[in-house]
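the sequence and its predicted three-dimensional model are supplied below.
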Amino acid sequence: MHKCDPQSQVSPAHSSCCAPAPIFALVDGNSFYCSCERVFNPSLINQPVIVLSNNDGCVISRTDEAKAIGIKMGDPLHLIGDSIKRHRVRVYSSNYALYGDMSARMMATLAQFTPELEVYSIDEAFLSLGGFAGRDLTDYAREIRRVVRRDTGIPTAIGIGPTKVLAKVANRAAKKNKVSGGVLNLCDRAVQDSVLAEFAAADVWGIGARSAAKLARMGVTTAMQLRDADANAVRKLLTIVGQRIVLELRGQSCLALEMVQEDRKQIVSSKSFGRPVYKLDELKEALANYATRACEKLRRQKSACHTLSVFVQTNRFKDGPQYYNSGTITFGAGTASTVRMIAAANGVLENIFRDGIEYKKAGVILSDLRPASAVAFSLFDDQHKHAQDIKAMSVMDAINARMGRDTLKVGACGASAKPSWSMNASKASTPLVPAWIMKANMRTKCYTTRWQDLLKVGS
Amino acid sequence: MPRKSRNSTVEPARAAKSRAVKTNVHLPFFGCSVSCGFPSPADDYIEKKLDLNEYLIDKPAATFFVRVSGDSMIGAGIHPDDLLIVDRSKEPKNKSIVLAIVNGDFTVKRYMARGGKIILKAENPAHADIAIVDGMQFEVVGVCTNVIHNLK
């Protein structure tokens, strides 16, 4: 799931002799999505809970209780129906609005404990504890855990180490070892030895399944063996990324905290449909919505897109005619305009669409992203139109930021996914649900981001 | 949610130029109408606008809003459908009004701690108090710091 970033140098990132030796803590939320659900529904405490991926496909988060009855990450929902019934597992669709808000709360709480924080994923952050060498770091981490649990309701595990890779190892070991109380400090060499000897090389951060297989052929199966392997031999096998992992396991910090996220080089927006889609108009509407999301991301990172690809495909796992096709269009002058993007996507779609096919998935890929400030115009580009587009989009973004997503949208996106403020209007008439909308039959409310969804508590 | 100030004002023309629209800039309300005449003597005293978030919330990351149902706390001025502001970071003191979990349900009550015993007290004679005893699932979620009651 997580890969080492290969961009930093092999040379130690903290070689300066006057700076304190780096110490990293990796904090992550236990069964994060399930824990978010528990915060707002206490009847889930101590019960098996799972959260499903988009379209209610497979398990992406499970509590210890669900794990204990044999539910695995990635299990498709339709294969575990029996065990869900037998053990009364509580099943939820993913509610990213809620998880995103709870994540922001967790990160804000963590930020009180360190001057430097790297948000690594929705439920993980690296903290720099280099300046805290005088303190008992295990105690400090326990205090961090206690406060995050108190302020947000989210239980966490914390791993501490002189490098990011060791902090990751420590975090994983802390979770497995119930005695640790959720905190493990791997700064001590003797502790490192005992933990690494028991730790599979395949579980080390940055070692994927294929790398693990290569290492196994070399006779390396534990993290300890990987640490003590010849770094150059590992480099030959796994490139510089592998060598860096070896050095990190030895306690030599190569990966520094990255506090600023790099802009994306490519933006993909695609989803499987809730049910089969046959019509061109339906596909257009779906693509208009995906293009809208992609362009929002594009504008957030202040980029302009020069190449748009559109793809459509059938369900590979179903009998019947199979079809996959994609098409690409390039923009002379880069654009971040939702209106232009949707028009372009429609054009491409018309070229690749075939009648009588049961479509399962479609998407847009925005690539060749460059800074929006550096868009170059040719003689034939309408610069005035371009400036108008930018103005219109920023007004749309501002309104949507204040009033809620999709308050204002391009007409091609369809009117059926109703904006949040039209509550009263929609009560009168049942809203039409377009086919391409994701399945999310078991989604909880947006308790923290919508006034009409606030948690109700008895008094 | 209160974490991001809701009353940020975005001026479209300026937003179009900078395109970085996530601001918390509170544009002051100018004391003078736009005219060519004599400026208002109050213009030197423009301050930022009052922000209710600032008044009501100490720790945004730990603060949650909930909606009340039931009338067991009516004596404390908490009515059905009122909005409660709950700060999870605050430890309850004796007589704090708290949001608690008791046996799988949320409840709002007055927290009474005396002689090692905890009682969740209702503020309505029609409702019984809850005495916390061993074997109960019990947790104080947070302290209710404010109630927002709509007078309409």
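Looks like it came in fine. Numbers count the residues shown, from 1 in each chain, chains lettered A, B, ... in the order given.

three-state assignment of the residue lying farthest from the centre of chain A?
Using C-alpha atoms, centre = their mean, the residue of chain A lying farthest from its centre is residue A:379. It sits 41.3 Å away. Judged by DSSP: H, G, I helix; E, B strand; the rest coil, the three-state class of residue A:379 is coil.

what of residue A:448?
The three-state label given to residue A:448 by three-state DSSP is coil.

any idea how far residue B:145 is from the nearest residue to it once chain neighbours are set aside?
The spatial neighbour of residue A:448 that comes closest, neighbours along the chain excluded (C-beta to C-beta, 6 or more residues apart in numbering or on different chains), is residue A:101 at 4.4 Å. All C-beta atoms are positioned from the backbone trio N, CA, C, and that covers glycine. The gap separating residue A:101 from residue B:145 is 20 Å, by C-beta to C-beta, to the nearest Å.

contacts only, for the residue farthest from the centre of chain A.
Contacts for residue A:379 (C-beta atoms under 8 Å, 6 or more residues apart in numbering or on different chains) come out as none.

quick one: mean pLDDT for whichever helix or strand the residue nearest to residue A:448 is part of?
Taking DSSP states H and E as the definition, one finds residue A:101 inside helix A:96-110. Confidence over helix A:96-110 (mean pLDDT, whole number) is 92.

and that helix, what's buried?
Residues of helix A:96-110 classed as buried: A:97-99, A:101-110 (neighbour count, 16 or more other C-beta atoms under 10 Å in any protein chain shown).

same question, stretch A:319-337
Within stretch A:319-337, the residues that qualify as buried by neighbour count (16+ other C-beta under 10 Å) are A:323, A:327, A:331, A:333, A:334, A:335, A:336, A:337.

which strand residues bridge residue A:303?
residue A:371 (DSSP bridges).

list the contacts for it?
Residues touching residue A:303, when contacts are defined by C-beta under 8 Å, 6+ apart, comprise A:263, A:264, A:334, A:336, A:369, A:370, A:371, A:372.

and the residue nearest to the second one when sequence neighbours are not counted, backbone torsions?
Think residue A:264. Closest residue to residue A:264 in three dimensions, ignoring its sequence neighbours and counting by C-beta to C-beta, 6+ apart: residue A:301, at 6.5 Å. Comment: the main-chain dihedrals of residue A:301 come out as phi -90, psi 10, following degrees, to the nearest 10.

so residue A:301 is in contact with residue A:294, correct?
No. Under the contact definition of C-beta atoms under 8 Å, residue A:301 does not touch residue A:294, with a separation of 11.3 Å.

neighbours of residue A:136, how many?
As a burial measure, the neighbour count of residue A:136 was computed by other C-beta atoms under 10 Å in any protein chain shown and equals 10.

separation between it and residue A:179?
Remark: distance between residue A:136 and residue A:179 (C-beta to C-beta) = 18 Å.

how about residue A:293?
Residue A:293 sits 45 Å away from residue A:179, going by C-beta to C-beta.

next SSE after the worst-scoring helix or strand of chain B on mean pLDDT?
Across the helices and strands of chain B, mean pLDDT, DSSP states H and E gives its lowest value to helix B:12-18, namely a mean of 39. On the C-terminal side of helix B:12-18, the closest following helix or strand by DSSP H and E is helix B:52-56.

pLDDT weak spots in chain B?
Scanning chain B for pLDDT under 70 picks out the ranges B:1-47.

domain parsing for it?
Residue ranges of the domains in chain B are recorded as B:12-56, B:60-148, according to automatic domain parsing.

now the strands for the stretch 101-250 of chain A?
According to DSSP state E, counting those that start in this stretch, the stretch 101-250 of chain A carries its strands in the segments A:117-121, A:124-128, A:156-161, A:183-185.

hey, least reliable of the ones you listed by pLDDT?
Out of the strands of the stretch 101-250 of chain A, the stretch the model trusts least by mean pLDDT is strand A:117-121, with a mean of 88.

given that one, what are its sheet partners and their directions?
So strand A:117-121, judged by DSSP bridges, has these partners: strand A:124-128 (antiparallel).

quick one: contacts of the partner strand?
Counting contacts by C-beta under 8 Å, 6+ apart, the residues touching strand A:124-128 from outside are A:2, A:22-29, A:106-107, A:110, A:113-120, A:144, A:164, A:167, A:257.

of the domains of chain B, which is nearest residue A:49?
When these are compared for distance to residue A:49 using C-beta to C-beta, the nearest one is domain B:60-148, at 13.5 Å.
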